[in-house]
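> missing the sequence, but the structure's below:
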């Protein structure tokens, strides 16, 4: 609130000119307390009514420890995908690296995964096995992009592949990929 108060400079009858009494000078003082209170109330209101951004997390099923009882995936039901540098995808049938490694690009990976999953489901139905589809091991290399891993996990959800895991790439896969890229250069 504004308030008028007397200033320390009050004329006392001296210095009368022209025969009249001079008016006293009054100073103004503004009380800032209500404005500060209002400011703190607004800050408190906006803090309490705002929503904090929730962290986004992706659910990933990691492989079980080797000492636990794990169902061994057959070579016909499983496939390993290695994510390489420059958006390259390498794959081979089974979980061991005895197979020949092939290369595929991201534009055709969805159709490839759907076809592979359908073929494995038909095989499982034919033999009377539990029908869970293809089992996929995803192995990103150090040079691969994080976005490639996320895109491949999205493809797993889109193609309804329920059984997949992320593992570290081994030295044998690195040798296979190096031999594959060196033969393409020649």
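Structure's in. What do you need? Since the structure is predicted, the reported quantities are computational estimates derived from the model, not experimental observations.
> going forward, measure contacts and count neighbours with C-alpha atoms only.
Will do.
> give me phi/psi at residue 55?
The phi/psi pair for residue 55 (degrees, to the nearest 10) reads phi -70, psi 140.
> how close does it sit to residue 150?
16 Å (Cα to Cα, to the nearest Å).
> pLDDT weak spots in the protein?
Applying pLDDT under 70 to the chain flags residues 1-20, 58, 60-75, 95-99, 181-186.
> can you map out the strands along it?
Per DSSP state E, the chain has strands spanning 2-6, 26-30, 78-83, 89-93, 102-104, 135-140, 163-166. These are given in chain order.
> What strands line up against the fourth one, and which way round?
Using DSSP bridges, strand 89-93 pairs in its sheet with strand 78-83 (antiparallel), strand 102-104 (antiparallel).
> Near residue 137, how many residues? Count them for me, please.
Neighbourhood size, residue 137 [other Cα atoms under 10 Å]: 22.
> Could you give the bridge partners of it?
Each beta-bridge partner of residue 137 is listed here: residue 80, residue 165, as defined by DSSP bridges.
> any idea which of the strands paired with strand 89-93 is most buried?
Greatest average neighbour count among the strands paired with strand 89-93 goes to strand 78-83 (a mean of 24), per mean count of other Cα atoms under 10 Å.
> what's the burial count for residue 25?
By other Cα under 10 Å, the residues close to residue 25 number 13.
> Give me the domain ranges for the protein.
1-8+24-48, 78-185 (automatic domain parsing).
> right, and those - which one's nearest residue 59?
Ranking these by distance to residue 59, with Cα to Cα as the measure, places domain 78-185 first at 10.0 Å.
> Contact partners for residue 105?
When contacts are counted by Cα atoms under 8 Å, 6 or more residues apart in numbering, residue 105 is found next to 87-89.
> out of those, who's nearest residue 144?
residue 87 (7.1 Å).
> What distance do you get for the closest one to residue 151?
11 Å.
> Which one's more surrounded, these two?
The residue with more neighbours, out of residue 87 and residue 151 and counting by other Cα under 10 Å, is residue 87; that gives 15 against 12.
> distance between stretch 24-40 and the chain's centre?
Averaging C-alpha coordinates over stretch 24-40 and over its chain gives two centres that are 50 Å apart (Cα atoms, centre = their mean, to the nearest Å).
> Show me the helices in the chain, by range?
Listed in chain order, the helices found in the chain under DSSP state H are 33-49, 109-127, 146-158, 171-185.
> Redo these as JSON lines? Include distance to residue 23.
Converted to JSON lines, the helices of the chain look like this (distance: least, Cα to Cα, whole Å):
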{"stretch": "helix 33-49", "distance to residue 23": "31"}
{"stretch": "helix 109-127", "distance to residue 23": "91"}
{"stretch": "helix 146-158", "distance to residue 23": "79"}
{"stretch": "helix 171-185", "distance to residue 23": "97"}
